[in-house]
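Enquirer: Any chance you could fold what I've pasted below:
(2 chains)
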Amino acid sequence: MTSYEALPPIPPPLQNISRRSLLKAAGLAGATALSLSGCAALGTQRENAVVFVSDGGEYQAAQRKAWLTPFQQQNPDLRLVEDVPKNYAKLKAMVTSGNVQWDLMTATGDFGYGSDRAVLQDWTDLGLPTNQLFPQYVHDSVVGHTIFSNVIAYRTDRIKGPGPQSWADFFDLDKFPGKRALRNLSNGAVLEIALIADGVAPEDLYPIDFKRAFAKLDTIRKQTIFWTTGAQSAQLLADGEVSMAQVWNGRVYNLQKTGAPIDIQWNQHFIQADTLVIPRGANVEYAAKLAKYMLSAENNAKLSQYIPYGPTNQESLALVDKKMKEHLPTSHLDIGINPNNEWLNANRADVSSRWQKWVTSA
Amino acid sequence: MIEEMTPPTKTLPAPSRRSPSRSPWTALIWPGLVFMALLFILPFIQTAVRALTDPGPQNFAIFFTDPVYSRSLITTFVTALFVAVVALAIAYPYAYIMYAAPKAMTAVMMVLVLLPFFTSLLVRTYAWTVWLQETGIINSALLNLGVIEEPLQLMRNTLGVTIGMTHALLPFMVFPIYSSMLRIQPDLVPAARTLGATPALAFRTVFLPLSLPGVMSGFLIVFVMSLGYYVTPALLGSPRDSMMSELVVNQIEQQIQFGTGSAIGIVLLVLTLAILFAGTRIISFKDIVTGGRP
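Expert: I've put the predicted structure just below:
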């Protein structure tokens, strides 16, 4: 609470600011400009580096232990740099502006097919062990390296006896009362889950019958909470906000580790592959070298030592971590359902706009 | 505290009235200007150009063809208005107590209102979830006490979004109001009292009008900042409460449609500027920024 009188008088040196000070300021601006150009130069000093980008968190930590650190040790003359998080928009912006900072990025869902190929390098002739990989995860510019899954997880303290056996049970509020959680993402398996619950055969999922899917979703809508982040889905289950949820299997595993009364139903689990893409204009040689390392039969199995996600290399299946085996989606492939990412990609705008219209309406 | 004040004299000019152009220190504005030009104005122009050319001005048609966008526009502005009104209702008494309280208490209150700044927005938002959800602290307490039979819906609706955003934005309301109160001549209210005004009348006719520049400034700042909120509505609201920023993120990051995303951003910006302009009909732009400093 000072009045103006209480302000100290302006000291003389400040009043006598001179041309010298101006020059200093100009020098500062010059230095800033120099350091900015320094940043630009850094971007080009990447001859011996390969930049890997993934989702961060526990997942990228597992990738680091399984693949990145051993790869670095095996290739001491290469410099492996990690960045985080993966971002399709950023990748596209990098490629279209001709300033590509990433060499190998992970991708999920429908990214990398169709028109997205314009910003990606094709995997053809880059020496990947494609004949060993599950064929459904090998595409022109997208190659799966890890399999995760959308499963039904439910609280055993709320749902007694035999739990839900299918997505139809998930939608059956009479048989299994309680709230549900589904992902708020048009291409996040939720439309397919509704159709499966309504009796559509996995091979007839596409083209998606929107009317039927939304009609099915309407039946549980009032009892459903929509999650946007993986952490949120886990929290909803852990706190008992919902009794049943669509969750990634790795999140359920973590909850079970903490002793939460949560069980998993693998029936009709909806499989998604985490894939590898190379931005067009990246350091293809080194990106391919790292990708080859991650996908080899021996190495592809190693991620399962740290996180319950399975390999896409069929010859890795026998090599996965024994303790983790029952928690891996790859141990339940016979009862899993695969998405048609090409169709989802080709219809991305339509699928998304219909989903948003439904999910934001009262 | 009032007794300690020295009455200000009219002869001394306020420091800010000195013509700024005469001071060579004004050269220091250049780094700021260059920074703004390179990192704000230039990208902004790029965004505007992209909205019009990638692939064309039809990007804006989405507001007419898809009800999601027009509805979200309304949600965004209504939520921002709610937040600004609630924040004002909390911040004005808070600022007044800060103003009237002893120095030590003022300091404590200032730290308390600043605390949210020192924690990550994401953490704060999840912390609100712990309080507000159906199995949360408030609901379990009320259920255990037998006050309620069914859990109250405190989040995944506009209420939750308003609570979370008000908490985050409260400092932006408290400080302009508080600083505008500090600038009120401390002897004006006692003067009104000596002339026979009741405390309430003196407050209403003298203190309140003089603190209004801070109120307007805080209100507009909070309102405008609310328009761009993303994390809080995404976590504390329901999909129905989707704000414009969430739709921008969807266009850019999920659909990878930079043109449409830019168009939504531009519409939000233009409407925001329009509101700021309308605000300047009531209060000058300088007062919005400075909280009414003379």
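
Enquirer: Report all helices and strands that the longest helix along chain B contacts.
Expert: Ranked by residue count, the top helix of chain B under DSSP state H comes out as helix B:67-100. Applying 3 or more Cβ pairs under 8 Å, 6 or more residues apart in numbering or on different chains; DSSP states H and E, we find helix B:67-100 packed against helix A:348-360, helix B:62-65, helix B:103-114, helix B:158-182, helix B:208-227, helix B:244-249, helix B:258-282. The way it works is simple: take the backbone N, C-alpha and C, and place the C-beta from them, glycine included.

Enquirer: Between helix B:258-282 and that helix, find me the angle.
Expert: 40 degrees (axes from the mean of the first three to the mean of the last three Cα atoms, to 10 degrees).

Enquirer: List the buried residues in helix B:67-100.
Expert: B:68-69, B:71-73, B:75-77, B:79-80, B:82-84, B:86-88, B:91-92, B:94-96, B:98-99 (16 or more other Cβ atoms under 10 Å in any protein chain shown).

Enquirer: how distant is that helix from the center of its chain?
Expert: 7 Å (Cα atoms, centre = their mean, to the nearest Å).

Enquirer: and the angle from that helix to helix B:158-182?
Expert: Using the same axes, to 10 degrees, helix B:67-100 lies at 40 degrees relative to helix B:158-182.

Enquirer: tally of neighbours for B:Thr194?
Expert: 10 (other Cβ atoms under 10 Å in any protein chain shown).

Enquirer: Over to A:Ile271?
Expert: A:Ile271, neighbours per other Cβ under 10 Å, totals 24.

Enquirer: Over to it: give its phi and psi.
Expert: phi -80, psi 140 (degrees, to the nearest 10).

Enquirer: so it bridges to which residues?
Expert: Beta-bridge pairing for A:Ile271 (DSSP bridges): A:Ser149.

Enquirer: Would you map the strands across chain A?
Expert: For chain A, the strands defined by DSSP state E cover A:49-53, A:79-83, A:104-107, A:120-121, A:143-155, A:180-183, A:224-227, A:244-248, A:262-279, A:310-311.

Enquirer: if I read this right, A:His332 contacts A:Gln265, doesn't it?
Expert: No - assessed by Cβ atoms under 8 Å, A:His332 is found out of contact with A:Gln265, at 10.2 Å.

Enquirer: could you list every residue that touches the closest residue to chain A within the stretch 151-294 of chain B?
Expert: Checking the stretch 151-294 of chain B residue by residue against chain A with Cβ to the nearest Cβ singles out B:Pro239 as nearest, at 4.2 Å. Taking Cβ atoms under 8 Å, 6 or more residues apart in numbering or on different chains as the contact definition, B:Pro239 lies against A:Asn184, A:Phe226, A:Val359, A:Thr360.

Enquirer: Share the number of residues neighbouring the first one, please.
Expert: Yep, that's A:Asn184 we're talking about. Neighbours around A:Asn184, by other Cβ under 10 Å: 24.

Enquirer: Skipping adjacent residues, who's closest to it in space?
Expert: Nearest in space to A:Asn184, with sequence neighbours left out and distances taken as Cβ to Cβ, 6 or more residues apart in numbering or on different chains, is A:Phe226 at 3.7 Å.

Enquirer: how many neighbours does the one you found have?
Expert: A:Phe226 has 20 nearby residues by other Cβ under 10 Å.

Enquirer: Just list whatever residues bridge to it.
Expert: Going by DSSP bridges, A:Phe226 forms beta bridges with A:Leu182.

Enquirer: List the contacts of it.
Expert: A:Ala181, A:Leu182, A:Arg183, A:Asn184, A:Val359, B:Ser238, B:Pro239.

Enquirer: what's the closest of the residues you listed to A:Phe171?
Expert: A:Phe171 lies nearest to A:Leu182 out of the contacts of A:Phe226, by Cβ to Cβ, at 10.2 Å.

Enquirer: what residues are up against the nearest residue to A:Tyr137 once chain neighbours are set aside?
Expert: Nearest non-adjacent residue to A:Tyr137, counting by Cβ to Cβ, 6+ apart: A:Gly144, 2.9 Å away. Neighbour list for A:Gly144: A:Leu133, A:Phe134, A:Tyr137, A:Val138, A:Ala273, A:Asp274, A:Thr275, A:Leu276, A:Thr312 [criterion: Cβ under 8 Å, 6+ apart].

Enquirer: 6 Å - rerun?
Expert: A:Tyr137, A:Ala273, A:Thr275, A:Thr312 (Cβ atoms under 6 Å, 6 or more residues apart in numbering or on different chains).

Enquirer: Please tell me the pLDDT value assigned to it.
Expert: Looking at A:Gly144, its pLDDT reads 97.

Enquirer: what's the answer for B:Leu114, then?
Expert: pLDDT, B:Leu114: 89.

Enquirer: ok, now how distant is it from B:Pro102?
Expert: B:Leu114 is 19 Å from B:Pro102, where distance means Cβ to Cβ, to the nearest Å.

Enquirer: same question, A:Lys325
Expert: For A:Lys325 relative to B:Pro102 (Cβ to Cβ), the value is 67 Å.

Enquirer: Comparing those two, which residue is more hemmed in?
Expert: A:Lys325 (14 against 9).

Enquirer: For the more buried one, give its distance to B:Phe118.
Expert: For A:Lys325, the distance to B:Phe118 - Cβ to Cβ - is 45 Å.

Enquirer: before we move on, what about B:Thr272?
Expert: 28 Å.

Enquirer: do A:Leu173 as well
Expert: Taking Cβ to Cβ, one finds A:Leu173 at 44 Å from B:Phe118.

Enquirer: next one: B:Ile163
Expert: When B:Ile163 is compared with B:Phe118 (using Cβ to Cβ), they lie 19 Å apart.

Enquirer: Those two: which is more packed in?
Expert: B:Ile163 (19 against 7).

Enquirer: Tell me who's in contact with that one.
Expert: By Cβ under 6 Å, 6+ apart, B:Ile163 has no neighbours at all.

Enquirer: close enough to count as contact, A:Leu217 and A:Glu192?
Expert: No - using Cβ atoms under 6 Å, A:Leu217 is not in contact with A:Glu192; the gap is 11.5 Å.

Enquirer: Please say which of the two ends up with more neighbours.
Expert: Set A:Leu217 next to A:Glu192 and count neighbours by other Cβ under 10 Å: A:Glu192 wins out with 25 against 22.

Enquirer: give me the number of residues near the residue nearest to that one when sequence neighbours are not counted?
Expert: In space, and not counting its chain neighbours, A:Glu192 is closest to A:Leu205: 5.4 Å by Cβ to Cβ, 6+ apart. Neighbourhood size, A:Leu205 [other Cβ under 10 Å]: 20.

Enquirer: B:Val267 too?
Expert: By the other Cβ under 10 Å criterion, the neighbourhood of B:Val267 contains 18 residues.

Enquirer: Equivalent analysis for B:Gly32, please.
Expert: By other Cβ under 10 Å, neighbour count at B:Gly32 equals 9.

Enquirer: and it, what helix or strand is that in?
Expert: Assigned by DSSP states H and E, B:Gly32 belongs to helix B:29-36.
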